[in-house]
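> From the sequence below, what's the structure:
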Amino acid sequence: MGDGSFIGGSLRRAPTSPYRGAIGLLALVALLFVAAAAGGAAPAHAYSITPRCESPPGTELPDCSGWHTADVRVTWDWEPKPETENSGCDTRNLDTDSTPAGFSEGCLVRWNSVTLQATVIIRVDQTPPVITGAMPARPPDHSGWWTHPVDFTFAASDISSGVAGCDTVNYPGPDGGGVHVSGSCRDVAGNSAIATHSLNYDATPPTVSGLAILRDGASALLGWQTSPDVVRNEVVRSLATDGAASTTVYSGSTPAFGDLTLSRDVTYRYTVTAFDQAGNAASTTAVSQPAGGFQQLASSALRPVDGARLSRPPLLRWKRQRRARYYNVQLFRDGRKILSAWPTRNHLELRRSWRYHGERRRLTRGWYRWYVWPGRGSRAERNYGKLIGSSRFFFRA
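So this is what the prediction gives:
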């Protein structure tokens, strides 16, 4: 009967069903009624084969349908008993994942001239899906960094029951490089997996403050403070009138700039913008008035004297300051700071070459300007007093 056949005492399994139910090509429970002899009134006999499933073994299920996430024990029951013979009806323990089509299990029972066969499809998936990644809803906002909340949709693969769905997770913070967002995926059988995805996120702008400008006729020294996450500073200069055109005069990592290209009797407006690695920015603005400047600061207390022409690296000296635990000396060439040092005594001997910000610097022919401030407390506090003085020298080398 049916699509299966019994050959040589063994059952040949029928092709598996394309349907996801538990019943294959042959009836799960087959009933065969055999009529009594002709003219007789004897009752009919009912012949049946019934599969029974336990998952996990020891826990009987109402039926064998659906996906199972634990080992499955398959047994068979048939009526009437005893039978003449049976094949393929032994207890089976299925402890590996099946293909999407499932395992096809069959039982054939013979009662003399009556043969009955049943097939059941068992689907097993005990393995969680494999999460393959998380796709952001948009590209990073700047240089591999996100600066605003972003959604990540997780993806997975599953070779048995297939993927039922994955999370879409919004990441709104906190800030950090290599921070993680977590999400899960589920398969049709009900297994789930959780994974994390790393990203760079920074939604907090840096800080910039304390822009101070020291004007010396045709030159000005700018200094400011920034938060530690700043990687680049930009200085824009314009005339201090509404609608005046602006010019970018500095871009670099140092929070200081010497502007040597000014007109003596003109008022200028400077805007300093600090950028972090995520592209967040903060700005501060100050105005520089023409004035007598700080030429008086280049006094006899400073050595070498202002305007000195030197052929050897100078020993910079200044007046000792009360309560100063150290000093900050800054050296500029063409408006660019090329040295910052923190001696504990009131002098600093320059060398022909040194390293500053990872680069080799060297005294070459030209004009240099240096500044010195007193430092109070620890260097980490960055507590500086008023400028002690400034002076220029020409190195002839």
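
> State the number of residues packed around the closest residue to G307 other than its chain neighbours.
The shortest distance from G307 to any residue that is not its chain neighbour, by CB to CB, 6 or more residues apart in numbering, is 6.0 Å, and that residue is R392. To be clear about C-beta, it is placed using only N, CA and C from the backbone, and glycine gets the same treatment. Number of residues near R392 (other CB atoms under 10 Å) recorded here: 17.

> just S184 next, same as before
That count, for S184 with other CB under 10 Å as the rule, works out to 17.

> Could you do P136 as well?
Other residues close to P136 by other CB under 10 Å number 15.

> okay, it: pLDDT?
Looking at P136, its pLDDT stands at 98.

> From G279, how far off is it?
Distance, P136 to G279, by CB to CB, to the nearest Å: 17 Å.

> Also D151?
Counting by CB to CB, the gap between D151 and G279 amounts to 20 Å.

> in stretch 224-243, what's buried?
Buried residues in stretch 224-243, counted by 16 or more other CB atoms under 10 Å: W224, Q225, T226, D229, V230, R232, N233, E234, V235, V236, R237, S238.

> Which of the residues you listed sits closest to R320?
In terms of CB to CB, no member of those lies closer to R320 than Q225, at 25.7 Å.

> which one is the closest one nearest to, not counting chain neighbours?
Of all residues not flanking Q225 in the chain, G210 sits nearest, at 4.5 Å (CB to CB, 6+ apart).

> G375 too?
If you skip the residues right next to it in sequence, G375 has Y326 as its closest partner in space, 4.4 Å away by CB to CB, 6+ apart.

> residues near the one you found, how many?
17.

> pretty sure it contacts N346?
No: judged on CB atoms under 8 Å, Y326 makes no contact with N346 at a distance of 10.2 Å.

> ok, back up a step: dump the residue contacts of the residue nearest to G375.
Y326 makes contact with W342, P343, T344, G375, R379, according to CB atoms under 8 Å, 6 or more residues apart in numbering.

> Repeat that for R320.
If you count contacts by CB under 8 Å, 6+ apart, R320 has them with N346.

> next one: phi and psi at it?
With angles defined as degrees, to the nearest 10, R320 shows backbone torsions of phi -70, psi 140.

> how close does it get to N346?
R320 sits at a distance of 4 Å from N346 (criterion: CB to CB).

> Please enumerate the strands of the stretch 151-300 of the chain.
With DSSP state E, counting those that start in this stretch, the ranges of strands along the stretch 151-300 of the chain come out as 163-166, 168-171, 176-187, 192-201, 208-216, 219-226, 230-239, 246-252, 256-259, 268-276, 281-288.

> quick one: strands adjacent to the fifth one?
What that stands for is strand 208-216. strand 219-226 (antiparallel) (DSSP bridges).

> likewise the last one?
Strand 281-288 has the following strand partners under DSSP bridges: strand 268-276 (antiparallel).

> Only C-alpha atoms, please: export the partner strand in PDB.
These are the backbone C-alpha positions of strand 268-276, laid out as PDB (Å, rounded to 0.1, in the frame of the first residue of the first chain):
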ATOM      1  CA  TYR A 268      41.500  92.100  14.200                       C
ATOM      2  CA  ARG A 269      39.100  89.400  15.200                       C
ATOM      3  CA  TYR A 270      40.400  85.900  15.800                       C
ATOM      4  CA  THR A 271      38.200  82.700  16.000                       C
ATOM      5  CA  VAL A 272      39.800  79.500  17.300                       C
ATOM      6  CA  THR A 273      38.000  76.300  16.500                       C
ATOM      7  CA  ALA A 274      39.000  73.000  18.100                       C
ATOM      8  CA  PHE A 275      38.200  69.600  16.500                       C
ATOM      9  CA  ASP A 276      38.200  66.100  18.100                       C
END
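
> Could you tell me how many residues sit around S161?
As a measure of burial, S161 has 27 neighbours, counting by other CB under 10 Å.

> swap in P174?
P174: 10 surrounding residues under other CB under 10 Å.

> Repeat that for T99.
When neighbours are counted by other CB under 10 Å, T99 comes out with 13.

> Pretty sure S160 is one of the things it touches, is it not?
Yes: taking CB under 8 Å as the definition, T99 is a contact partner of S160 at 7.0 Å.

> still on that earlier bit, which two of the buried residues of stretch 224-243 have the greatest separation?
Pairwise distances among these were taken by CB to CB; the largest, 27.4 Å, belongs to D229 and S238.

> where does the stretch 251-397 of the chain dip in pLDDT?
When residues are selected by pLDDT under 70, those of the stretch 251-397 of the chain lie in 291-300.

> Go again with 50.
Within the stretch 251-397 of the chain, the ranges that satisfy pLDDT under 50 run 292-299.

> Return the distance of R303 relative to D167.
As judged by CB to CB, R303 and D167 stand 70 Å apart.

> So for those two, which sits in the more crowded spot?
A count of neighbours by other CB under 10 Å puts D167 above the other of R303 and D167, at 18 against 14.

> Which of the residues in the helix or strand C107 falls within are classified as buried?
Element membership for C107, per DSSP states H and E: strand 103-111. In terms of neighbour count (16+ other CB under 10 Å), strand 103-111 has its buried residues at F103, S104, E105, G106, C107, L108, V109, W111.
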